[in-house]
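>>> got a predicted structure plus its sequence, pasted below:
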Amino acid sequence: MRNRETRVRGIAARAGGWSARHRWAAVGIWVLFVVLAMGLGSAAGRVDVKDSDQMGGETHTAARIVEDAGIDEPAGETVLIQAKDGGVKATDAEFRAAVDAVVAAVEKTGKVTGVTSPYDARTISEDGRSALVQFDMRGEADTAGERVEPVLKAVEGVQKEHDALRIEEIGGASMMKTFDDAFGDDFKKAEYSAVPVALGILLVAFGALVAALVPVALAITAIVATMGLMGLVSHIQPMSETANSVMLLVGLAVGVDYCLFYLRREREERAAGRDAQTALRIAAATSGRAIVVSGVTVCVAMAGMLFTGIAEFEAMGLASLMVVAVAMVGSVTVLPALLSLLGERVEKGRVPFLRRRRPNGGTGEGSRFWTAVLKRVLAKPLLAAVVAVGALLAVAAPALGMKTQNLTLDQEFGDSLPIVQTYNRVNEAFPGGSDPAEVVVKADDINAPEVRAALADFRERAVSSGASRGPVEITVHGRQNVALVYVPLVGGSDQDKAGESLDKLRDDVRPATLGKVEGVEAPITGQVAGNKDFNDQLVGSVLPVFAFVVVFAFLLMLLSFRSLTVALTSIVLNLLSVGAAYGILVAVFQHGWGASLVGAEGVGAIITWLPLFLFVILFGLSMDYHVFVVSRIREARLRGRSTRDAIQHGVVTTAGVVTSAAVIMVAVFAIFGTLSMQSMKQMGVGLAAAVLIDATIIRGVLLPAVMSLLGERNWYLPKWLHRLPDLTHDESPEAVAPTVRDGQGERGERGEPVGV
């Protein structure tokens, strides 16, 4: 019996018990950890992902050559001068005067260099109605957006003097400034509003300010600690701003969820009449264990992103993994200490007009709504399963025609911004001119006659092959033995046509010219090439990421529940949830069904990185609810309930906390669905839809229906698997040992005699 009791307690129960007995020490250690992590991270500084590490393939090779050569490519800017009607041509005096005025105005700012007239660079459109004045911003390209405003104002001044012409500026610096002004605060607003939204929902869920503040406080401290750890880890695995945003999203979601699970169980046990110490011990052994299993599973899912080979994904995966691990540790250590310190004071700050809520199980009633739903589901489980699966498959069906691509500027931001309209006009007049392919030519001697001849031949064949209409520009860096060749691609902003032009350059033009010179490297980069290389690498990583996440999640569920059936059904149900989320994304953003409701008209595609990202995130987050609900069902079964009764008890008594947790996640993710950038909108809508489906149809209908159909087979484990490590710990003896005397002896929850 002694051995069994030791196994029963488990790591979560031992951690919770120690923290409850050493309350101030546990809180002090946590605070010290957060402060040290943040302090050391700030002192170490953060290393961000370099351009050369962002992608693989030729794009990576090109970036490495430029970086090793020490070539700082400036931020290029372009001024489009275009007749508003067909009356003015580039050869007319008025047009020439406008060009001269633009050249003089931008040079006068002192912020630019290398200004070229369209009459010298031959950047005049075929119809003679449009011309480009091109120049570079002085200083580093990364900060050019901060210095471009005087140049923009100078161009606006010239526009006012020439009403018959359209004079507009576009380029790396101007786009950077425009997007920072328009959307820079978008992320901050979303991040800052996420916490108040979560707090508001928790206030409704608990009806008390202190109880609502505890999960938010723990989630925030976990996020702060992880930010510090990201600084330290970035010297091994570089981080990024995107990783910051994803870490905050995931950290807030799981941090609040884990505390919510723990706190609701502790309140439930106290409402059932148990003393504070016993309630904490039961919460640690039950919800604490579910948090550990769920946290480890989520960490494994996030680790799947490390297999993509894409630096941005690796940064997001590692940052998410760290914040989940920190939140998990905090939930099973410092949270019991805080609850022990607060005691009944956790109910302080009652919110007016909100009646005092009794946690599910305190009255034995559970959720009335889910009780009614479960009654019908368990009465006809086969029908419920068929209907639920049919509905999910119908929702997922549009995903079969999913089209993924890197969104163009007008797809990402719409045409509401003037600079997007300028981008479209430049591409119409000069196809590919705004996003040319860049050939980075590296040779032992860039000025050698054979290299010079190959460069000239490449320039000629790029146009004659139909890949470009020109002009093809060549910049030679003699000291570094590097030449940069800029090739406007036929197709412009049409990704498919521009991709065909890129293939001609890579497969036909380059081998016939530069490829014939020994010792010459000539990787082709640029936006179109970068998109293609990114897609190729992402597609190649899908299978290993999928296999890693599914296999390890299966093994963790198998070891945690010692049931082959539970492990298999958890994988299938999570895949259904992810598939339904994909279907909603395609229906809304690709087919436009209901797109006006979320401001996504005319997108027509799913951004390339989102499906894999969503799979990893959703597979991890879905395990939160699954582990929590199945753990409660298993706990009830171990207490002697029938499988059917255990299913109803487990689902109904967890319905309140799962609903509250899901509402928080949906609300936080939906905030990102309101952002202006379509990629962030797609991410927010996809995550919110998946969590909503997972917490309702999957956990409330399909899971109980399937488990009811399986009956005792839910706990099936083949004999040949009995030798697997046993990571379970039966909570029933530990949980029901402290009971409430009702005058008739010791009785359990249902008035049944307790036996251990």
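Nice, thanks for sending it over.
>>> C-alpha only now, for contacts and for neighbours.
Fine.
>>> tell me the mean pLDDT over stretch 133-150?
For stretch 133-150, the mean per-residue pLDDT is 87.
>>> what lies in contact with that stretch?
Residues outside stretch 133-150 that contact it (C-alpha atoms under 8 Å, 6 or more residues apart in numbering): 72-81, 99, 102-103, 109, 111-118, 123, 172-177.
>>> any regions of this protein where pLDDT drops low?
Counting by pLDDT under 70, the chain shows low-confidence ranges at 1-9, 51-55, 86, 182-188, 191, 353-367, 415-416, 432-434, 492-494, 726-756.
>>> just the CA atoms of whichever helix or strand residue 484 is part of, as PDB, please.
Assigned by DSSP states H and E, residue 484 falls within strand 482-487. Output in PDB follows, covering the C-alpha atoms of strand 482-487 (Å, rounded to 0.1, in the frame of the first residue of the first chain):
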ATOM      1  CA  VAL A 482      30.600  40.800 -56.500                       C
ATOM      2  CA  ALA A 483      28.100  42.000 -59.000                       C
ATOM      3  CA  LEU A 484      24.400  42.600 -58.400                       C
ATOM      4  CA  VAL A 485      22.100  42.200 -61.400                       C
ATOM      5  CA  TYR A 486      18.600  43.500 -61.100                       C
ATOM      6  CA  VAL A 487      16.000  41.900 -63.500                       C
END
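>>> direction included, what does that strand pair against?
Applying DSSP bridges, strand 482-487 is found paired with strand 437-442 (antiparallel), strand 473-477 (antiparallel).
>>> next helix or strand past it?
Heading C-terminal from strand 482-487, the first helix or strand you meet, by DSSP H and E, is helix 495-504.
>>> after that following helix, next one along is what?
Remark: after helix 495-504, the chain's next helix or strand is helix 510-512, criterion DSSP H and E.
>>> residues contacting that next one, please?
Contacts for helix 510-512 (C-alpha under 8 Å, 6+ apart): 458, 522.
>>> one more time with 7 Å, if that's ok
By C-alpha atoms under 7 Å, 6 or more residues apart in numbering, the surrounding residues in contact with helix 510-512 are residue 458.
>>> please apply the same query to stretch 99-112.
Counting by C-alpha under 7 Å, 6+ apart, residues outside stretch 99-112 touching it are 115, 135-138, 150-151, 154-155, 158.
>>> for residue 155, give me its contacts.
102, 105.
>>> what helix or strand does it sit in?
Following DSSP H and E, one finds residue 155 within helix 149-161.
>>> buried residues, that helix. List them.
149-152, 154-156, 158-159 (16 or more other C-alpha atoms under 10 Å).
>>> between those, which is closest to residue 565?
The closest of the buried residues of helix 149-161 to residue 565 turns out to be residue 149 (C-alpha to C-alpha; 63.0 Å).
>>> next helix or strand past the host helix or strand of residue 266?
Assigned by DSSP H and E, residue 266 falls within helix 241-271. Note on helix 241-271: by DSSP H and E, the next helix or strand toward the C-terminus is helix 276-285.
>>> which strands or helices does that following helix pack on?
helix 2-21, helix 241-271 (3 or more C-alpha pairs under 7 Å, 6 or more residues apart in numbering; DSSP states H and E).
>>> show me how far that helix is from its chain's centre.
Remark: helix 276-285 is offset 35 Å from the chain centroid, using C-alpha atoms, centre = their mean, to the nearest Å.
>>> show the subsequent helix or strand relative to it.
helix 287-303.
>>> what's the angle from the following helix or strand past that next one to helix 287-303?
The C-terminal neighbour of helix 287-303 among helices and strands, as given by DSSP H and E, is helix 311-342. Here helix 311-342 runs at an angle of 170 degrees relative to helix 287-303 (axes from the mean of the first three to the mean of the last three C-alpha atoms, to 10 degrees).
>>> in helix 311-342, which residues are buried?
In helix 311-342, counting by 16+ other C-alpha under 10 Å, buried: 311-340.
>>> ok, now stretch 692-712?
692-709.
>>> just the ones of the contacts of stretch 133-150 in helices?
Using DSSP state H, the subset of the contacts of stretch 133-150 located in helices is 99, 102-103, 118, 172-177.
>>> can you put those residues in TSV and add distance to residue 570 and neighbour count?
Shown next, in TSV, are the ones in helices among the contacts of stretch 133-150 (distance: C-alpha to C-alpha, whole Å; neighbours: other C-alpha atoms under 10 Å):
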residue	distance to residue 570	neighbour count
99	66	24
102	64	26
103	65	19
118	63	19
172	47	20
173	49	24
174	49	24
175	46	18
176	44	19
177	47	19
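>>> among the strands paired with strand 482-487, which is nearest residue 410?
Evaluated over these, closeness to residue 410 peaks at strand 437-442, with 19.5 Å, by C-alpha to C-alpha.
>>> quick one: the closest one to chain centroid distance?
Worked out by C-alpha atoms, centre = their mean, strand 437-442 lies 32 Å from the chain centre.
>>> same deal with stretch 523-543?
The answer for stretch 523-543 is 19 Å, by C-alpha atoms, centre = their mean.
>>> can you tell me how far residue 404 sits from residue 461?
Applying C-alpha to C-alpha, to the nearest Å, the value for residue 404 to residue 461 is 31 Å.
>>> check which residues of stretch 554-564 are buried.
Residues 554, 556-564 are the ones in stretch 554-564 that count as buried (16+ other C-alpha under 10 Å).
>>> just stretch 547-555 next, same as before
Neighbour count says stretch 547-555 has 548-550, 553-554 buried, by 16+ other C-alpha under 10 Å.
>>> winner for burial among the helices and strands packed on helix 276-285?
Most buried of these, by mean neighbour count (mean count of other C-alpha atoms under 10 Å): helix 241-271, with a mean of 24.
>>> and it with helix 276-285, angle?
Using the same axes, to 10 degrees, helix 241-271 lies at 140 degrees relative to helix 276-285.
>>> what ranges do the strands span in this protein?
Counting by DSSP state E, the chain has strands at residues 76-83, 112-116, 130-137, 165-171, 404-405, 437-442, 473-477, 482-487, 524-525, 606-607, 740-741, 746-747.
>>> closest to residue 200 out of those?
Using C-alpha to C-alpha, the strands of the chain put strand 606-607 closest to residue 200, at 32.3 Å.
>>> which residues are in contact with the residue at minimal distance from the centre of the chain?
For the chain, the residue nearest the mean C-alpha position is residue 246 (4.9 Å; C-alpha atoms, centre = their mean). Remark: with contacts taken as C-alpha under 7 Å, 6+ apart, residue 246 is in contact with 316, 320.
>>> try it again with 6 Å
For residue 246, no residue meets the contact criterion (C-alpha atoms under 6 Å, 6 or more residues apart in numbering).
>>> now the one 5 residues further on
Residues in contact with residue 251, defined by C-alpha under 6 Å, 6+ apart, are 223, 323.
>>> now do 8 Å
Shown in contact with residue 251 (C-alpha under 8 Å, 6+ apart): 219, 222-223, 320, 323-324, 327.
>>> which pair of those residues spans the longest distance?
Greatest spatial distance in the contacts of residue 251: 219 and 320, 13.1 Å, computed using C-alpha to C-alpha.
>>> what distance do you get for the nearest residue to residue 167 once chain neighbours are set aside to residue 418?
Nearest non-adjacent residue to residue 167, counting by C-alpha to C-alpha, 6 or more residues apart in numbering: residue 81, 4.7 Å away. Distance, residue 81 to residue 418, using C-alpha to C-alpha: 15 Å.
>>> same question, residue 176
Going from residue 176 to residue 418 by C-alpha to C-alpha gives 14 Å.
>>> please apply the same query to residue 124.
In this view, residue 124 and residue 418 are 22 Å apart by C-alpha to C-alpha.
>>> who's more crowded, these two?
Using other C-alpha atoms under 10 Å, the more surrounded residue of residue 124 and residue 418 is residue 124, with 25 against 11.
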